[in-house]
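> Need a 3D model of the sequence below.
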Amino acid sequence: MSVNGKNEVYCSTGTVVGRVVGFDYTVIERELPRVVEQSGADGIELVMLPYFYDKLGDVKSTIARSGLRTAVVHADKDIGSLLSYGGDDNARESMRLWRVNCEFAASLDTRRIVLHLWGNRESDTNFAYNLSFLPHMLDISDEYGIRVMIENIPCVALDPLTRWRQIDELAGGRCGFIYDVRFGQLHGQNPAIQRSDYMKSGRIEHMHISDFGGGFRDFSAIRPILHPNEGKVDFPALFDSLRCAAYRGSLTLESPVMSERGLDIRKLIRTMSWLTASVSEL
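Sure, this is the predicted structure:
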């Protein structure tokens, strides 16, 4: 999102909330206000986790006390994985979770949601089946006034750009796209995405920023998720391409700072400050 010509920058809650730290979402209130303030960021992207479902009221209260704007909600990744598994029960559960995620996003006054339309081991191996649910999912999101953005997540059958084109044939302008540079590097598609009509036309509405250190389709290197300039993504080329395309979307840092020792908040502030400074030159 661009506000007054400024590309907004957000910090993903996935940088500080996860299994290794016991899913302690109170860090959103304790630490992220300082990260956002000191880095000059514009808010947060909330990653929905299965752990949250019986605590949604408390999660919402925690965010409210933080004073931070939830600019984007990243829907539960299990939604796409359940569809990829196949079967009526999994499909019903996926649609139930999708509605819960959209409703919660709306309750946070958030108007954009990230969707992984496929995922996990089955990935895009039965893509036509997953895609058949998209019109219904868009109808649900429309009920809540939420804009859906579909990410270029890893594929095992084809590739993310091909999947985007197939989504476009069905859904057209009813949804936008999110460009994750780590997954672009995994598939060797960063240059193609940066030169694509999706970038030139503004169909890429949001970006996820982290780094990737492996080779082409090296799925073993997806984790750990690296910070920018720790891997192989060509960030100078990326920002040049954004300038050339007059990119007016937003960007979120997704690189975690969690370990068994706790949180490296200083590193998070450094990386967020680098990102906001880089984006300010677009």
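
> How about residues contacting stretch 87-102?
48, 53, 73, 75-76, 78-80, 82-83, 113, 133, 136-137, 140-141, 143-144, 146 (Cβ atoms under 8 Å, 6 or more residues apart in numbering). In this view, the C-beta of every residue, glycine as well, is placed from N, C-alpha and C.

> same check, this time on stretch 163-171
117-118, 124, 127, 131, 134-135, 138, 150, 152, 155, 175, 177, 198.

> Can you flag the buried ones in those residues?
Buried residues within the contacts of stretch 163-171, defined by neighbour count using 16 or more other Cβ atoms under 10 Å: 117-118, 124, 127, 131, 134, 138, 150, 152, 155, 175, 177, 198.

> hmm, back to that, write the ChimeraX selection for whichever of the contacts of stretch 87-102 are buried.
Buried residues among the contacts of stretch 87-102 (16+ other Cβ under 10 Å), as a ChimeraX selection:
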select :48,73,75,76,78,79,80,82,83,113,133,137,140,141,144,146
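
> so who does the residue lying closest to Leu226 once chain neighbours are set aside touch?
Of all residues not flanking Leu226 in the chain, Asp211 sits nearest, at 3.9 Å (Cβ to Cβ, 6 or more residues apart in numbering). For Asp211, the contact set (Cβ under 8 Å, 6+ apart) comprises 181-182, 185, 225-233, 255.

> could the buried ones among the contacts of stretch 163-171 go into CSV alongside pLDDT?
As requested, these are arranged in CSV below (pLDDT from 0 to 100):
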residue, pLDDT
Leu117, 98
Trp118, 98
Asp124, 98
Phe127, 98
Leu131, 98
Leu134, 98
Leu138, 98
Ile150, 98
Asn152, 98
Cys155, 98
Cys175, 97
Phe177, 98
Tyr198, 96
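
> Which members of the residues you listed are positioned in strands?
Ile150, Phe177 (DSSP state E).

> Can you point out the buried residues in stretch 34-41?
Val35, Val36, Ser39, Ala41.

> show me the contacts for the third one.
When you say that, I think you mean Ser39. Counted by Cβ under 8 Å, 6+ apart, Ser39 has contacts Val9, Cys11, Ile269, Met272, Ser273, Leu275, Thr276.

> Max pairwise distance over the residues you listed: which two?
Farthest pair in those (Cβ to Cβ) is Val9 and Ile269. Separation: 12.9 Å.

> longest helix anywhere in the chain?
Longest helix of the chain, by residue count under DSSP state H: helix 88-107.

> contacting residues around whichever helix or strand comes after it?
Following helix 88-107 in sequence order, the next helix or strand is strand 112-115 (DSSP states H and E). For strand 112-115, the external contacting residues (Cβ under 8 Å, 6+ apart) are 1, 45, 71-75, 79-80, 101-102, 105, 137, 141, 146-151, 175, 178, 205-206.

> again with stretch 117-136
So stretch 117-136 is contacted by 77-78, 80-81, 83-86, 91, 94-95, 150, 153-158, 163, 166-167, 170-171, 175 (Cβ under 8 Å, 6+ apart).

> Give me the distance from it to the chain's centre.
17 Å (Cα atoms, centre = their mean, to the nearest Å).

> Endpoints of that stretch, how far apart?
12 Å (Cα to Cα, to the nearest Å).

> What residues does Pro256 make contact with?
Here Pro256 is in contact with Gly14, Thr15, Val16, Gly18, Pro224, Ile225 (Cβ under 8 Å, 6+ apart).

> so how far is Arg30 from the closest residue to Gln189 other than its chain neighbours?
Excluding its sequence neighbours, the residue lying closest to Gln189 (Cβ to Cβ, 6+ apart) is Leu161, at 5.6 Å. For Leu161, the distance to Arg30 (Cβ to Cβ, to the nearest Å) stands at 40 Å.

> Quick check: closest non-adjacent residue to Ser66.
Glu29 is the one closest to Ser66 (Cβ to Cβ, 6+ apart), at 4.4 Å.
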